[in-house]
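the sequence isn't on hand, but the structure is:
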């Protein structure tokens with residue numbers, strides 16, 4: 001089963017990084033207020049980056065690596081300026 005790691009941009013300009021097995025469903029959950037606590041009240045959110053991973057474990061590892069990036073690093077990832085695996 002594949003999984004996805006993703007970054008959404010919230011209405012206030014902040015980023016939220018997460019993982020899911022169903023990207024469309026998860027984005028809908030963020031936008032209807034039933035997603036992550038962080039995104040509640042910051043919606044609507046906009047998908048700015050996603051990446052398919054081979055497994056849940058791989059997605060969780062990738063999510064952690066992305067969460068460790070500062071905002072500049074996340075912007076570089078989103079714009080494609082970071083091409084090396086984190």
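Yes, it's here. Given the structure is predicted, the values throughout are model-derived calculations rather than measurements.

partner residues bridging residue 15?
On the basis of DSSP bridges, residue 15 takes part in beta bridges with residue 9.

quick one: contacts for it?
The neighbours of residue 15, taking CB atoms under 8 Å, 6 or more residues apart in numbering as the test, are 7, 8, 9, 48, 71, 74. Where you see a C-beta, it was placed from the backbone N, CA and C, and this is true even at glycine.

chain neighbours aside, what residue packs nearest to the last one?
Counting by CB to CB, 6 or more residues apart in numbering, residue 15 is the residue found nearest to residue 74 once chain neighbours are left out, at 5.5 Å.

now do the fifth one
In space, residue 71 comes closest to residue 15 once its chain neighbours are excluded; the distance is 7.1 Å by CB to CB, 6+ apart.

end-to-end on stretch 33-49?
End-to-end distance for stretch 33-49, by CA to CA, to the nearest Å: 20 Å.

with stretch 19-36 instead?
End-to-end for stretch 19-36, by CA to CA: 11 Å.

and it, which residues are buried?
Across stretch 19-36, burial judged by 16 or more other CB atoms under 10 Å covers 19, 20, 23, 26, 27, 30, 35.
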